[in-house]
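Novice: Starting from these lines, generate the structure:
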Amino acid sequence: MKSLLAVCCFWTVSTLATAQTKDSSRITIPELKLNFNKSGSNYIKGTFLAQTWARYSEFNPGTTVDGTPKSTYCDIGIRRWRIQFFGQLTNRIYFYTQFGQNNFSFLQPRHTGAFLHDAITEFRALKQLQIGAGLTAWGGVSRFSSPSVANLMGVDAPIYQQATNGVNEQFGRKLSVYFKGEIARLNYRVALSRPMSVKNSTVAIPSINSNSNFNTEAPRAQTSGYVFWQFFDKESTPNPYMVGTYLGKKKLLNLGVGWVHQNKAMWHTTDSGDTIRTALLLLGADVFLDLPTGTKGAALNVYVAYNHFDYGKNYVRMLNGMNPANGVNSEGTLNGAGVNYPMIGTGNILFAQIGYKLKDDLFATDNGTLMPYTEIQYAHFQALKDPSVMCEAGLNWFIHGTHGAKLSLGLQNRPVFDYNASGKAIQTARKNMLVVQYQIAF
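Specialist: Got it, this is the predicted structure:
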């Protein structure tokens with residue numbers, strides 16, 4: 001692995017130098033690709049991604065780090081580190097693998113972490129139908145349930161759309177058989193999955209009680225899917241991961257709907273102690289707009305999603321990206337430790353994101369351009385009296401005009417919930433988290 005990284009780093013530096021020599025006004029990072037035929041339709045390809053965070057966080061009340069009470073904290077972490085290797089070996093045979101690490105922080109156990117993200121083989125049955133199987137993110141419920149993390153507009157993806165992350169899946173991936181393709185302007189994906197054992201969840205699953213939670217019995221089969229209609233340009237989707245912004249290189253208006261369903265995936269007890277098993281049902285509808293404006297490369301990006309999640313009675317999950325705390329004392333709130341907030345639960349969620357990429361070559365001498373953005377997640381969960389509202393604003397600096405090298409700044413403002421005197425879960429405070437992210441992707 002170290003040798004591979006050294007080769008990747010040397011290759012990146014050498015290609016940058018070559019590009020700079022050819023054209024001093026623009027640096028580009030070429031593809032790491034080997035073609036098997038003249039047209040390039042049969043190939044193998046490798047990619048690399050690294051996202052490093054430096055962060056200042058206002059912690060939830062009662063937070064501790066290794067037993068030490070903390071109200072604020074600064075940390076550095078590797079949000080994502082990925083190597084992909086894939087190829088269209090023949091006109092009908094395709095494979096895709098991804099290996100890497102998520103959320104490597106100072107709390108990480110030593111000498112652990114990197115794991116297999118994806119491993120699929122795929123057969124092209126018809127022009128409109130490909131059939132594949134393996135560990136994969138093909139399925140539902142919304143566009144960013146399978147985000148292409150190398151070209152997001154925000155500092156992070158809308159994590160709530162990975163609605164069972166860490167519980168019965170591996171960062172959005174499940175062992176599945178999937179069917180996908182394109183018919184006219186309709187792009188579709190449908191998956192039949194065997195969810196992973198809840199007993200091996202990375203999330204603490206409480207003993208069965210009056211509030212719904214995941215059933216720890218043998219998991220039943222799950223179906224999921226996502227379809228979207230493309231009004232203008234079409235997107236290329238050889239892999240499940242959906243682009244956050246094309247930076248004005250495409251004209252897109254897509255309308256999508258999706259679902260996830262698993263029978264008896266959840267359970268809770270009645271007042272008399274009987275066990276009730278209920279289905280998991282997640283529904284979504286969204287609109288994605290990526291629109292060039294003018295002739296100088298400026299672009300508008302808008303994404304709006306509505307989701308109805310049914311996990312059963314009063315289910316709510318506290319979550320956030322790469323939480324830098326690991327404990328809570330007697331002063332703790334419903335949010336729990338660190339930067340978590342009520343992100344996922346039984347109820348309805350509205351998410352909206354808008355950004356505007358300024359013209360190409362905004363800065364002289366190949367220093368790229370900027371893209372400010374803002375987003376909001378507004379949720380009404382059954383378990384909470386008040387809505388859970390997360391707001392974020394940020395700025396991307398595309399150093400060479402692409403996602404290949406990007407510096408991002410994001411300020412997130414989140415709610416803190418606790419019980420009032422009447423036993424109702426209400427918002428009691430708001431806290432901030434400031435993230436600086438540096439990304440390299442090729």
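
Novice: Might you report the residue contacts of the residue nearest in space to the middle of the chain?
Specialist: Note on the chain: the residue nearest the mean C-alpha position is residue 157, at 4.2 Å, using Cα atoms, centre = their mean. By Cβ atoms under 8 Å, 6 or more residues apart in numbering, the contact list for residue 157 reads 144, 147, 149, 244. For every residue, glycine as well, the C-beta is placed using N, CA and C.

Novice: and it, helix, strand or coil?
Specialist: coil (DSSP: H, G, I helix; E, B strand; the rest coil).

Novice: Distance check, it against residue 242.
Specialist: Residue 157 is 10 Å from residue 242, where distance means Cβ to Cβ, to the nearest Å.

Novice: cool, residue 140 as well?
Specialist: Taking Cβ to Cβ, one finds residue 140 at 12 Å from residue 242.

Novice: which SS state does the nearest residue to residue 34 once chain neighbours are set aside fall under?
Specialist: Of all residues not flanking residue 34 in the chain, residue 44 sits nearest, at 5.3 Å (Cβ to Cβ, 6 or more residues apart in numbering). Recorded secondary structure, residue 44: strand (three-state DSSP).

Novice: How many residues are close by residue 155?
Specialist: 27 (other Cβ atoms under 10 Å).

Novice: How about the one 5 residues further on?
Specialist: Burial measure for residue 160: 24 neighbouring residues, criterion other Cβ under 10 Å.

Novice: and if you look at residue 421?
Specialist: Residue 421: 5 neighbours (other Cβ under 10 Å).

Novice: element containing it, please.
Specialist: Per DSSP states H and E: residue 421 is located in neither a helix nor a strand.

Novice: Which pLDDT value belongs to it?
Specialist: Looking at residue 421, its pLDDT stands at 96.

Novice: hmm, back to that, check contacts around the residue nearest to residue 34.
Specialist: 33, 34, 36, 85, 86, 87, 89.

Novice: so can I have CSV of those showing secondary structure, neighbour count and distance to residue 298?
Specialist: Listed next are the contacts of residue 44 as CSV, based on DSSP: H, G, I helix; E, B strand; the rest coil; neighbours: other Cβ atoms under 10 Å; distance: Cβ to Cβ, whole Å:
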residue, secondary structure, neighbour count, distance to residue 298
33, strand, 12, 30
34, strand, 12, 35
36, coil, 14, 38
85, strand, 14, 35
86, strand, 20, 32
87, strand, 19, 35
89, coil, 14, 40
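
Novice: what's the most distant pair in those?
Specialist: Pairwise distances across the contacts of residue 44 (Cβ to Cβ) peak at 14.9 Å, for the pair 36 and 85.

Novice: Report the backbone C-alpha coordinates of stretch 123-135 in CSV.
Specialist: C-alpha atoms of stretch 123-135 as CSV (Å, rounded to 0.1, in the frame of the first residue of the first chain):
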residue,chain,number,x,y,z
PHE,A,123,-23.0,-8.0,-17.1
ARG,A,124,-24.6,-5.9,-19.8
ALA,A,125,-27.7,-7.9,-20.8
LEU,A,126,-29.1,-5.2,-23.1
LYS,A,127,-28.3,-1.7,-24.0
GLN,A,128,-31.0,-0.6,-21.5
LEU,A,129,-30.2,-3.2,-18.8
GLN,A,130,-27.1,-4.1,-16.8
ILE,A,131,-27.2,-6.7,-14.1
GLY,A,132,-24.6,-6.8,-11.3
ALA,A,133,-23.9,-8.2,-7.8
GLY,A,134,-21.6,-7.7,-4.9
LEU,A,135,-20.9,-5.1,-2.2
